[in-house]
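Asks: Fold the stuff below for me.
(4 chains, ligands or ions: 4)
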Amino acid sequence: MMQTLRPLLLVWLALLALLGVELGGAFLRLGHLFGGLLLLPAGAMVALVGLFFMRLRHASGLSRGFALAAMFWLVVLLGLGSMDPMTRTLHPVAMTTYP
Amino acid sequence: MSHALDATAGEIEAATVRDNRDNYLTDEWTVWSWLATTDHKRIALLYFASITFFFFLGGAAAALMRFNLLTPTGAIVSPETYNRLFTLHGVVMVWFFLVPAVPVTIGNFVTPLMIGARDLAFPKVNLLSWYLFITGGAITLWALFMGGLDTGWTLYTPLSSAYAKGYVVPVAVGIFISGFSSIATGLNFIVTIHRLRAPGMTWYRMPVFLWSLYSTSVIYVLATPVLAMTLLLLAFETVFRVGVFDPALGGDPILFQHLFWFYSHPAVYIMILPGLGVVSEIIPVFARKRLFGYKFVVWCSVMIAVISFFVWGHHMFVAGTSIYSAIVFSLLSFMVAVPSAIKVFNWIGTLHKGFIHFDAPMIYALGFVGLFTMGGLTGLFLATLAADVPLHDTYFVVAHFHYIMVGGMVSAFFGGLHYWWPKITGRMYPEMWGRVAAAMIFFGFNLTFFPQFILGYLGMPRRYHSYPPEFQVLNVLSSAGSTILAVAYLMPLFYFAWSLLAGARAPANPWGATGLEWQTPSPPPVQNFTSTPVVTEDPYSYPSPEAIQMEQAETGEARPNG
Amino acid sequence: MADIHSTFQYSTPAHRSGSSLDGMWLFLATEVLFFGALFLAWTVSRHYHAAGFAEAARHTEISLGTINTVLLVTSSLAYAAGLAFIEQGDTRRLLQCLSLTGLLGIAFVCLKLLEWHDDFYEHLFPGSGFALHGPDPGGAQIFFSFYFVGTGLHILHMLAGLGLLAWVILRAWRGAFSSRSHLAVEAVGLYWSFVDVVWLVLYPLIYVVGRPG
Amino acid sequence: MSFSLPAASSNAPEVDALLAALLLMSCAVLALVFGLMFFYVVRYRAGSRIDRGALAERTFRFEISWTAATLAIFFGLFLWGADLYVRLFEPPADALKVYVVGKQWMWKVEHPGGQREIDTLHVPADQPIELVMTSEDVIHDFSVPAFRLKRDVVPGRYETLWFRADRPGTYHLYCDQFCGTDHAHMVGEVVVLSGPDYRKWLSVTPGSETLAAQGQALFIHFGCSGCHGGNGAGSYGGPGGSPPGSTGQAPAPSYSTVRAPPLVGLYGSPVPLSDGSVVIADDRYIRDSILDPGAQIVASYQNVMPSFAGQISEEDLVKLIAYIKSLGAQRADAGQTGG
Ligand code: HEA
Ligand code: HEA
Ligand code: CUA
Ligand SMILES: [Cu+2]
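Replies: Residues are numbered from 1 along each chain as shown, chains lettered A, B, ... in the order given. Ligands and ions are numbered 1, 2, ... in the order given. A predicted model of the protein is given here:
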């Protein structure tokens, strides 16, 4: 029985390690620009849970297709969605009169 | 007439001769048998009744608006009422008529028949989707009639979140619930088309209508959740007076527009793709000819579904977005037009060297091709950056989307309705009345919306309860057209009702069409097929023109009846 | 009629279970886009209000957040182990694992409610009584709007997950599952792990990114 | 009932040309689509006996050729549209700035010379005008069809719209973004006057003090002078600051030891920020500094300036900005103030 549980335990430990990396990163003064780097360990954790705990590795082709489609559309939403705010010259600032 | 399924045809012919008492309509007739049915055919009819109600409700609001716009001072209704009218018109027509329209009525009925299956993959989810639709509709109607909403169907903040006096949160909840109905329908179609095709029906042997339903379902499933979150953030901001869009906090109202249009542009392709599929079914049948460039047409549906997610920024060219992103969205909006262009050219290619019959479905289909192209080309006007600046938020935009949604999509919906009516009800509709209504709709439609292109160029703004006197003549023309349109849309109600009572009995295949749904009796039995059909040929395997010509020489009849 | 329906519709049981898991993955795709819209709101708002987000992040309780992440990740492990056991036909071990998953889930919810209590106590809910008067108060209020919508929706998904878990435990307890047929366990497992994935993304956005130490 | 719309701005003719080109292309495509459709529908109707042999099997060639052709033509129009769009929204540097504030269901206009107008805008012909617009409540849209121009007016930020009107006359002004009950009544007129008429209008219109002058009074009233010095020359101890006694203005709340940067010559000059980046002090930057000083802090200064959000109205903000800009102008060419 142990040989089926071993990979799951390894994944679990990897997840905790990545959590540690994130925690460490939280206390480094990475500032505005590099703060985004802390999303990398989070991405790795998501991938680990998806591949091993949700068994994406040997799911049906269709299921893998749907998972891939979800990621692709998420990238489109976040990518094209932030294209305008990132390249906009005028920034919103607090208004003067409250409604 | 070719038989893709010679083996089972004999059997089915026998069934039609024996008076088909045991079809899905006569199986049982209690209220509970309708309200708790999981038969895709009955759910299609439940949806059809609800859709028709919402169409006429939205249409009545449109008729009132057009009456008000007869005079420059807009004397019929007050500004408050007019604002509530066009908001009701937009919300009801988009979310409760056209977004569900073809997929839930014709799609629900015909999909299992087309792939030779007993029902959709998740029949209970199908019924759940109707109940979600009805619940959402009831809440929205209650809100729109209790206090109404004066934000337009676009619900832009901070007007909707802080200044609107109407029922923003209840309408948002209503639309939110109807969104889950769309997701359920989309999910059901995708799994059905993947998993339940009859043996032998490869992807390229599937009718084009199912490819367009599949593409529509992809948009249902992937765009609607973003609308759900957008409405939720809007409700949060309306209730707690604070949120991510609130300019008083330095929030960005344009972010709401990004999230809204991320759903709403793909939503307009939800509205058109089924129509493209219906037209691709009708034209080959009434031209007695194989669909021109099948592979191009089907993959164009998929391409439209995918690219439709990249173009939403073209609704915000003057909203204050960055110039760089406006240019990117304008370029992508031109790209999304290419698949539509390929489809239009392929329909015309199908007509080439065909044997064209002018039954009512074909008139609607030909009308669709013309009006869809006009609507699409005016969309290209709006996609051109410097052209959108003067035209944005004017009647040019109103004309653009009515040409595609009313001229195109409603014609395709009516065409599909007439085409599959014999299969759904087992009765033939009166052909003459069908053609008269189609012609009247075509004329009334153009008279209503063509003047609006000119009004738009002249700068008449959208959503105006009153307007400067120099626009009156064009508005009177448009209002006159809308009364003709209203009458023309009422006509099918009457002759379809008449056909239910006294229409000729429909044979299994009245149009001599290929496709599995025509290999089973009209109306079909509860389990659709007596035995699983096997598909051996391509979907539109009509004989070559020479063969038909020889046959024509012998029988003197271009299309042997079914 | 029923028998024609079942045999005719799905040719083989694998065929049927395949569609249910595909259906679940498709449903999870909609959830990805649902939360994706919220993540876009975070990305855009943080771009404009980095100062306000940093100030607000400083007032979130990273200790509670981190413990919650450990709880949820462990609950996913427990569920996956349970699934491995039922594949061997071991219902008893499955029940133990699923119960552990449930306990960890309930602990997560309780800890979250505790954190909310603290947040309300410190007047961190955006609006008139908002406590923070740092450099970019508007940005801080936007951060907490995102925080409460995000964690609120996540808690709702957790409660739904706990409901489904209870249903699976009940059916397992009644012996409905065997090494050959345990479709429900697999499907609910996908949903449970997905709720964990959503938290794995929310955690850095709330507690970690841009936190000035 | 006129079917033609006057083209009264320098860019209007080119926009009309672009629309005409689009119309031409669309008519060509429509002629192709409708023409072929009617031709085939009549020629190949069921009863007709004409020869229908030799059906083209390979459709690939047709598909690619007609799609590529139409796309190529329309792609040209995309490029033209994009290029013109960029020119439409890049204001020239020397434009005369007029401030516009949209408010539920009226347009408030403020000229640099202090003239105020409601729902009308008087502008000189043949001179670039830049409208700096914001809204006090919901999103509006300043639209002048005769100039083929419009821009949404968004609360909480400045949006700019520029034009050079080249034909004197009176043109419709509409609000094009739905803004509530009287959206249809939030209309007005843009009156384009020739040079001499405009100067006559300026003189006869009761423009009180210039915006800058009104701004100076507010500068003291809101206590800015307490830290930035009477004439914004920076506080004692600040770089180039003058001893408190010399300001001779009304006594600041306290001879605070707060070091605040000099505002003289600030407008248009680069400002080094505490996070190392450098920004140009334009209208938006000054407005940000007043409403949310903590967002962008000047290098080597503490973040002690309070936020004035909610205390200074849009009109007063416009005056303060005009005053601070006048300080800039003062130093550049000593003597002649604003306007
Ligand atoms: C069914 C609905 C539907 C469909 C299919 C479309 C299709 C398209 N739409 Fe439209 N649109 C709407 C419904 C629809 N639209 C609605 C409801 C609004 C307003 C919402 C609101 O503000 O309330 C809107 C608004 C709208 C705008 C914003 C206008 C504004 O507010 O300023 C734009 C701008 O780009 C646009 C563009 C397009 C384009 C490029 C297409 C293309 O997909 C069209 C492609 C088709 C063709 C091009 C015709 C066929 C092609 C040929 C015959 C070959 C020749 C052409 C080429 C090869 C280029 N639409
Ligand atoms: C999606 C589908 C759809 C459909 C089918 C229609 C159908 C019609 N629409 Fe509209 N329309 C929209 C979608 C649609 N519309 C949207 C999204 C907007 C923008 C909303 C906004 O700005 O927020 C809009 C806006 C809009 C406007 C602009 C309002 C404004 O900006 O001020 C106008 C004006 O003429 C108009 C007219 C019409 C007309 C005459 C019809 C006709 O086709 C309708 C035909 C009439 C009938 C079908 C009525 C028949 C019945 C009766 C008259 C009485 C009998 C009644 C009962 C039996 C109960 N529509
Ligand atoms: Cu202001 Cu419409
Ligand atoms: Cu669009």
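Asks: And the helices in chain C, which stretches?
Replies: Here chain C has its helices, by DSSP state H, at C:2-9, C:13-48, C:50-58, C:62-87, C:91-121, C:137-173, C:183-203.
Asks: ok, A:A26 touching A:L38?
Replies: Yes: A:A26 lies in contact with A:L38 (Cβ atoms under 8 Å); the separation is 7.1 Å. For glycine as for every other residue, the C-beta is placed from the backbone atoms N, C-alpha and C.
Asks: For these two, list the residues in contact with both.
Replies: Common neighbours of A:A26 and A:L38 (criterion: Cβ atoms under 8 Å, 6 or more residues apart in numbering or on different chains): C:V208.
Asks: before we move on, the earlier item: turn the helices of chain C into TSV, columns for mean neighbour count and mean pLDDT.
Replies: Shown next, in TSV, are the helices of chain C (neighbours: other Cβ atoms under 10 Å in any protein chain shown; pLDDT from 0 to 100):
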stretch	mean neighbour count	mean pLDDT
helix C:2-9	12	40
helix C:13-48	21	88
helix C:50-58	24	87
helix C:62-87	22	94
helix C:91-121	17	94
helix C:137-173	20	94
helix C:183-203	23	95
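Asks: who wins for proximity to D:V278 among those helices?
Replies: helix C:50-58 (17.1 Å; Cβ to Cβ).
Asks: Mind checking if the closest one is in reach of chain D?
Replies: Yes: Helix C:50-58 lies within reach of chain D by Cβ under 8 Å from any Cβ of the partner chain, at C:A51.
Asks: quick one: is that helix near chain A?
Replies: Yes: Helix C:50-58 lies within reach of chain A by Cβ under 8 Å from any Cβ, at C:50, C:54.
Asks: Export that helix to CSV, keeping only CA atoms.
Replies: Extracted in CSV, the C-alpha atoms of helix C:50-58 (Å, rounded to 0.1, in the frame of the first residue of the first chain):
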residue,chain,number,x,y,z
ALA,C,50,0.6,49.3,-5.2
ALA,C,51,1.0,51.6,-2.1
GLY,C,52,-2.5,51.0,-0.9
PHE,C,53,-2.2,47.2,-1.5
ALA,C,54,1.1,47.0,0.4
GLU,C,55,-0.4,49.0,3.3
ALA,C,56,-3.4,46.8,3.4
ALA,C,57,-1.5,43.5,3.0
ARG,C,58,0.6,44.5,6.1
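Asks: Off-centre distance for it?
Replies: 25 Å (Cα atoms, centre = their mean, to the nearest Å).
Asks: Equivalent analysis for stretch D:135-147, please.
Replies: On Cα atoms, centre = their mean, the centre of stretch D:135-147 falls 10 Å from that of its chain.
Asks: Need the distance between the two termini of it.
Replies: Start and end residues of stretch D:135-147 are separated by 21 Å (Cα to Cα, to the nearest Å).
Asks: Any buried residues in it, and which?
Replies: Across stretch D:135-147, burial judged by 16 or more other Cβ atoms under 10 Å in any protein chain shown covers D:135-147.
Asks: domain ranges for chain A?
Replies: For chain A, whose domains are defined here by automatic domain parsing, the residue ranges read A:1-53, A:60-88.
Asks: For C:R174, find the nearest of those.
Replies: Nearest of the domains of chain A (Cβ to Cβ): domain A:1-53, 23.9 Å.
Asks: For ligand 2, what is the nearest residue in chain C?
Replies: Nearest residue of chain C to ligand 2 (Cβ to the nearest ligand atom) works out as C:A37 at 21.6 Å.
Asks: Any idea which of the domains of chain A gets closest to ligand 2?
Replies: When those are compared (using Cβ to the nearest ligand atom), the closest one is domain A:60-88, at 22.9 Å.
Asks: Let me know the average pLDDT across the closest one.
Replies: The average pLDDT for domain A:60-88 rounds to 93.
Asks: Flag every buried residue along it.
Replies: A:60, A:62-63, A:65-67, A:69-70, A:73-74, A:76-78, A:80-85, A:88.
Asks: Any residues of chain B in contact with chain A? List them.
Replies: Going by Cβ under 8 Å from any Cβ, the residues of chain B near chain A are B:158, B:162-163, B:194, B:218, B:222, B:226, B:247-252, B:254-255, B:258-259, B:262, B:309-310, B:312-313, B:316, B:320-322, B:324-325, B:328-329.
Asks: Please pick the buried ones from these.
Replies: By 16+ other Cβ under 10 Å, the residues of chain B next to chain A give B:158, B:162-163, B:194, B:218, B:222, B:226, B:247-252, B:254-255, B:258-259, B:262, B:309-310, B:312-313, B:316, B:320-322, B:325, B:328-329 as buried.
Asks: Residue nearest the middle of the chain, spatially speaking?
Replies: Going with chain A. A:G43 (3.5 Å; Cα atoms, centre = their mean).
Asks: Let me rephrase: I mean chain D.
Replies: D:T160 (1.0 Å).
Asks: So which residues make contact with the helix or strand hosting that one?
Replies: Taking DSSP states H and E as the definition, one finds D:T160 inside strand D:159-163. Contacts with strand D:159-163, where a contact means Cβ under 8 Å, 6+ apart, come from A:90, B:320, D:9-11, D:89, D:91-92, D:95, D:128-134, D:142, D:144, D:147, D:149-153.
Asks: For the closest residue to D:V15 other than its chain neighbours, the count of nearby residues, please.
Replies: Closest residue to D:V15 apart from its sequence neighbours, by Cβ to Cβ, 6 or more residues apart in numbering or on different chains: D:R148 at 4.1 Å. Neighbours of D:R148 under the rule other Cβ atoms under 10 Å in any protein chain shown: 29.
Asks: Tell me which of the buried ones among the residues of chain B next to chain A fall in helices.
Replies: B:194, B:218, B:222, B:226, B:254-255, B:258-259, B:262, B:325, B:328-329.
Asks: Flag every residue of chain C that's near chain D.
Replies: C:49, C:51, C:134-138.
Asks: What is the nearest of the residues you listed to C:A184?
Replies: C:H49 (44.5 Å).
Asks: Might one say that the closest one is in contact with C:P135?
Replies: No: contact criterion Cβ under 8 Å: C:H49 and C:P135 do not qualify, at 10.0 Å.
Asks: returning to what we had before: from C:L153, how far out is the residue of chain C closest to ligand 2?
Replies: 11 Å (Cβ to Cβ, to the nearest Å).
Asks: same thing with D:G294?
Replies: Relative to C:L153, and taking Cβ to Cβ, D:G294 is found at 30 Å.
Asks: can you pull out the strands in the stretch 301-450 of chain B?
Replies: Read by DSSP state E, counting those that start in this stretch, the stretch 301-450 of chain B holds no strands at all.
Asks: For it, which residues are neighbours of ligand 2?
Replies: Residues of the stretch 301-450 of chain B lying close to ligand 2 by Cβ under 6 Å from any ligand atom are B:398, B:402, B:405-406, B:410, B:448.
Asks: biggest separation within these, which pair?
Replies: B:V398 and B:V410 (15.4 Å).
Asks: who has more neighbours, these two?
Replies: B:V410 (26 against 20).
Asks: B:L474: what's it in contact with?
Replies: Counted by Cβ under 8 Å, 6+ apart, B:L474 has contacts B:451-452, B:454-455, D:1.
Asks: Now that we have these, which of them are buried?
Replies: Buried members of the contacts of B:L474, counted by 16+ other Cβ under 10 Å: B:451-452, B:454-455.
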